[in-house]
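Q: Fold the following, please.
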Amino acid sequence: MKKFVDFTSYNQYLGLDSPLNNDIDVGYYAPEKMLLKSEPIIVDFYRISIKMGYINKFDPEAKPLNAVFFNSPEIAVGWDVVPTYTGMYVQLSKKIIEENRNLFKTYLDYGQHEALYLTNDEVEEISTVFQLMIKYYERENRNFTVLLSYVNLLISLVEAFYKRQFSTDPKIYNRIITDFQHELINYYTQPVSQLPSVQYFADKLGLTSNYLGDIVKHFTKKTALENIHEFVIKKAKELLEQNIEMNTTEVAYDLGFEYPNYFSKFFKKQVNMTPKEYRQQAIIKK
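A: Residues are numbered from 1 along each chain as shown. You can find the predicted model right below:
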């Protein structure tokens, strides 16, 4: 599989103009001059592509769409497209991302997932920002502070538009919620050595933790961690009620707590009574 480690070699392969800088590259697509079909390739940098009237021939029922696409290092991407779209792209080196992680947090959260489908108004907003971005990029004396600010604005718009997409196209995200809940149930079907974490479930679902958290919060009105804590408490109650022979230390270890004292404090904070008090109350009710 081909791997491109710099903008210059990738742009030559794709048929784009040569980059003006090794850390940031901004430009417009000209599909009539570009490679329209490619086997999966990998780029060792980050890309944001905005495409209007885009048709992917991999999907025989595809209709023209306006969308934002992402490429991240080590993620293979192939394509077979119709040369009728327009659009623009931003390419960012690993170095520029690392040096400005506070600016690119949203990209790192959302940059490995499904396309963002744009409304006409959103296309207009992004196009306006892009025009300003390329203005500063093509200047002989580039103002990288301003340029990075516009890139950050573009990414902030993408974040806002994703949250709109959560509401307008919920079927995709309902599946993610269902998978998250299914993985929660599966977590304690085998012995565990630690508490479940948001990162654990994000890895299971092939998502970043913040991206998963945004989806879970949007649809359940609670954070992913709150959902996890509720489930841990539910399992704790089951063990305390149904396994009288287990003491609270054994329950704590069974749930993945490293320290039994932490389990007791956690349980009391969530339930407003200690595990021992909860068990005694459960016994009386029986």
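Q: show me where pLDDT drops low in the chain?
A: Confidence mapping of the chain against pLDDT under 70 gives the ranges 58-62, 105-114, 169, 172, 286.
Q: Run through the strands of it in chain order.
A: For the chain, applying DSSP state E gives strands covering 3-4, 24-28, 37-43, 46-54, 65-71, 77-80, 86-92, 116-117.
Q: Could you provide those strands in a markdown table, with additional columns for distance to residue 150 and mean neighbour count?
A: For the C-beta atoms, the positions are set from N, CA and C on the backbone; glycine is no exception. Conversion of the strands of the chain to a markdown table gives the following (distance: least, C-beta to C-beta, whole Å; neighbours: other C-beta atoms under 10 Å):
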| stretch | distance to residue 150 | mean neighbour count |
| --- | --- | --- |
| strand 3-4 | 25 | 15 |
| strand 24-28 | 9 | 20 |
| strand 37-43 | 22 | 15 |
| strand 46-54 | 12 | 21 |
| strand 65-71 | 15 | 19 |
| strand 77-80 | 25 | 14 |
| strand 86-92 | 9 | 21 |
| strand 116-117 | 18 | 19 |
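Q: nearest to residue 200, of the ones you listed?
A: Among the strands of the chain, the nearest to residue 200 by C-beta to C-beta is strand 65-71 (23.4 Å).
Q: For that closest one, give me every contacting residue.
A: Strand 65-71 has contacts (C-beta atoms under 8 Å, 6 or more residues apart in numbering) with 43, 46-55, 77, 107, 110-113, 115-120, 122-123, 126, 158, 161.
Q: let's see it at 6 Å
A: Contacts with strand 65-71, where a contact means C-beta atoms under 6 Å, 6 or more residues apart in numbering, come from 43, 47, 49-50, 52, 54, 77, 111, 115-118, 123, 158.
Q: that older thread, can I get the strands of the chain in a markdown table with distance to residue 259?
A: Output for the strands of the chain, formatted as a markdown table (distance: least, C-beta to C-beta, whole Å):
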| stretch | distance to residue 259 |
| --- | --- |
| strand 3-4 | 45 |
| strand 24-28 | 47 |
| strand 37-43 | 43 |
| strand 46-54 | 40 |
| strand 65-71 | 40 |
| strand 77-80 | 45 |
| strand 86-92 | 42 |
| strand 116-117 | 43 |
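Q: residues in contact with residue 95?
A: residue 23.
Q: Residue 23 versus that one, what's the distance?
A: 6 Å (C-beta to C-beta, to the nearest Å).
Q: Tell me how many other residues surround residue 272.
A: When neighbours are defined as other C-beta atoms under 10 Å, residue 272 has 9 of them.
Q: Kindly report the same for the one 10 residues further on.
A: The burial metric for residue 282, expressed as a neighbour count using other C-beta under 10 Å, is 14.
Q: my guess is it contacts residue 241, does it?
A: Yes - counting by C-beta atoms under 6 Å, residue 282 touches residue 241, with 4.7 Å between them.
Q: Quick check: buried residues in the helix ranked longest in the chain?
A: Longest helix of the chain, by residue count under DSSP state H: helix 144-168. By neighbour count on 16 or more other C-beta atoms under 10 Å, the buried set for helix 144-168 is 147-148, 150-155, 157-158, 161-162, 165.
Q: Return the residues in contact with residue 97.
A: So residue 97 contacts 46, 104 (C-beta under 6 Å, 6+ apart).
Q: got it, and residue 147?
A: 136, 137.
Q: Compute the distance between it and residue 51, please.
A: Counting by C-beta to C-beta, the gap from residue 147 to residue 51 is 22 Å.
Q: Ok, residue 92 next?
A: With C-beta to C-beta as the criterion, residue 92 and residue 51 are 18 Å apart.
Q: Equivalent analysis for residue 245, please.
A: Noted for residue 245: a distance of 62 Å to residue 51, by C-beta to C-beta.
Q: If anything else comes up later, I'll come back, but that's it for now.
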